[in-house]
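Fold the stuff below for me.
(one chain, ligands or ions: 2)
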Amino acid sequence: MAEITSTTTQFHFPPVNYNASSHAYLFSACDDDIPTVDYSLLFSDNPVQRFLALENLSQACQEYGFFYLVNHTISDEVLDTILKGFSDFFDPKTIDERKVLRKSGPSDKIRWDLNASTGENREYLKVIAHPQFHAPSNPPVLSKILGEYHKAMRNIVEGLARAVSTTLGFEENYIEKEFNLKSGFDVMAMNLYPPNSRSKGAIIHEHPDPGFVVTLVQDVDGGLQILSHQGKWINVHIPHHAILIQLGDHLEVLTNGKYKSHIHRVIVNNNKVPRISVVTLHGPALEKFISPSAEFIDEEHPQKYHGMTYKESLEANGGDDIDVQSSLDKLRFI
Ligand SMILES: O=C(O)CCC(=O)C(=O)O
Ligand SMILES: [Fe+2]
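Ligands and ions are numbered 1, 2, ... in the order given. I've put the predicted structure just below:
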């Protein structure tokens, strides 16, 4: 999960849209299609349907590293409630009440902040949601909203772990075991990008995110751009009530680069309306050592990543666990 203040990237990717004459990055992107995965078909009783759905998932993981998930099990009500709940939570009139949740130390379980620079800003609340669930006690309804959403999303992520394991040719519980997902470290970030009539550009610079997968829902269209493996920036337009799934660094490490993590950024473009996003990084257990599995290493595919515990990798760039910062640059051999 990237911090807003970063102005450069440590990650290697082609310099897309770089305008040498103005020495400025342009934040244009195309509207190419992003694959859609039907969650219900991944578990269909019809073997042909299931086979085709798994093929589609495998292609989305290998060729893109991100996809829209539809026909999933989270009710519209739960999705609408969390987005509306945070629209209320981020009411500018109550900002002073939120300041008590500002960073207090490296082992924070809940953290709020408001980052403002050159007219661009984001307000966020982060909570560690698993293996122990944390939420602010005020307003009291927030804990219920967060808990219900997280429980429902975890169910989906467990299902995805089974389906992704199958696409890799393993038993259904392969990823669950390799990441010890039952004790997985999940951090939820609720972000508010307020209306901003003065700014254009990236408010969160390009970065990958750690973990197994990142799940994201938002209340308005636009704002997020993802870099395809072919080096093209794509605007994300999440269909109503769909979930954006993005593969994390540790799936890339485990599969020795077969299923790659993705690079993304958040842009503002003279935003007229606020945007709320709910982003959850679903990670392995903190103490779990993650390295490329022997099954993905051979003469043609030499080992490309170091092993580290998930906790070590989160702290490798000096971040706190709740920052869930990527350290893919340190995990890669080159
Ligand atoms: O709010 C978003 O759309 C994405 C935020 C993000 O990428 C992050 O916090 O790592
Ligand atoms: Fe991110």
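
what sits against the closest residue to ligand 1 within the stretch 1-150 of the chain?
For the stretch 1-150 of the chain and ligand 1, the shortest gap (Cβ to the nearest ligand atom) falls at M1, measuring 3.6 Å. C-beta: built from backbone N, CA, C; applies to glycine. Residues counted as contacts of M1 (Cβ atoms under 8 Å, 6 or more residues apart in numbering) are 126, 187, 189, 209, 279, 281, 323-325.

Mind doing that once more with 7 Å?
187, 189, 209, 281, 323-325 (Cβ atoms under 7 Å, 6 or more residues apart in numbering).

which of the residues you listed count as buried?
When the contacts of M1 are checked for burial by 16 or more other Cβ atoms under 10 Å, the buried set is 187, 189, 209, 281, 323-325.

In strands only, show me these.
Under the assignment DSSP state E, these contribute 187, 189, 281 to strands.

Considering only these, which also neighbour ligand 1?
A189 (Cβ under 6 Å from any ligand atom).

Quick check: of the ones in strands among the buried ones among the contacts of M1, which lies closest to H240?
In terms of Cβ to Cβ, no member of these lies closer to H240 than A189, at 21.8 Å.

who's the closest one bridged to?
As for beta bridges, A189 partners with K126, V279 under DSSP bridges.

Provide a list of residues in contact with it.
Here A189 is in contact with 1, 124, 126, 279 (Cβ under 7 Å, 6+ apart).

tell me the SS of F133?
coil (DSSP: H, G, I helix; E, B strand; the rest coil).

wait, isn't it in contact with G147?
Yes - in this structure, F133 is within contact of G147 by Cβ atoms under 7 Å, at 6.1 Å.

So the two - more neighbours on which side?
Shown here are F133 and G147; by other Cβ atoms under 10 Å, F133 has more neighbours (16 against 13).

Mind pulling up the pLDDT for the more buried one?
Each residue has a pLDDT score; the one for F133 is 98.

which residues sit in contact with it?
Counted by Cβ under 7 Å, 6+ apart, F133 has contacts 147, 150.

Could I get the full set of helices for the stretch 151-300 of the chain?
Per DSSP state H, counting those that start in this stretch, the stretch 151-300 of the chain has helices spanning 174-179, 249-254. These are given in chain order.

Return the most buried member of the ones you listed.
Ranked by average neighbour count under the criterion mean count of other Cβ atoms under 10 Å, the helices of the stretch 151-300 of the chain are headed by helix 249-254 at a mean of 26.

hey, C-alpha coordinates of that helix in CSV?
Provided in CSV are the C-alpha atoms of helix 249-254 (Å, rounded to 0.1, in the frame of the first residue of the first chain):
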residue,chain,number,x,y,z
ASP,A,249,3.8,-9.5,-4.7
HIS,A,250,3.8,-12.7,-2.7
LEU,A,251,1.8,-14.7,-5.3
GLU,A,252,4.5,-13.6,-7.8
VAL,A,253,7.2,-14.8,-5.4
LEU,A,254,5.5,-18.1,-4.6
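
which other helices and strands contact it?
When contacts are defined as 3 or more Cβ pairs under 7 Å, 6 or more residues apart in numbering; DSSP states H and E, helix 249-254 packs onto strand 289-290, helix 328-331.

and with 10 Å instead?
Under the contact criterion of 3 or more Cβ pairs under 10 Å, 6 or more residues apart in numbering; DSSP states H and E, helix 249-254 touches helix 174-179, strand 289-290, helix 310-315, helix 328-331.

Does ligand 1 have contacts with the last one?
If I follow you right, that is helix 328-331. No - Helix 328-331 lies out of reach of ligand 1 by Cβ under 6 Å from any ligand atom, never closer than 13.1 Å.

what's the answer for stretch 300-319, then?
No - judged by Cβ under 6 Å from any ligand atom, stretch 300-319 stays clear of ligand 1, getting no closer than 11.9 Å.

Out of the helices of the stretch 151-300 of the chain, which is closest to ligand 1?
helix 249-254 (11.8 Å).

pLDDT on the closest one, on average?
Here the average pLDDT along helix 249-254 is 98.

Poorly predicted segments of the stretch 151-300 of the chain, please.
Across the stretch 151-300 of the chain, the ranges flagged by pLDDT under 70 are 197-200, 270.

Next to ligand 1, which bits of it? Give me the list.
189, 191, 204, 209, 216, 223-224, 264, 266, 277, 279.

would you turn the residues you listed into TSV with distance to H240?
Formatted as TSV, those follow (distance: Cβ to Cβ, whole Å):
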residue	distance to H240
A189	22
N191	19
I204	24
D209	24
L216	14
G223	15
L224	16
H264	21
V266	20
S277	15
V279	18
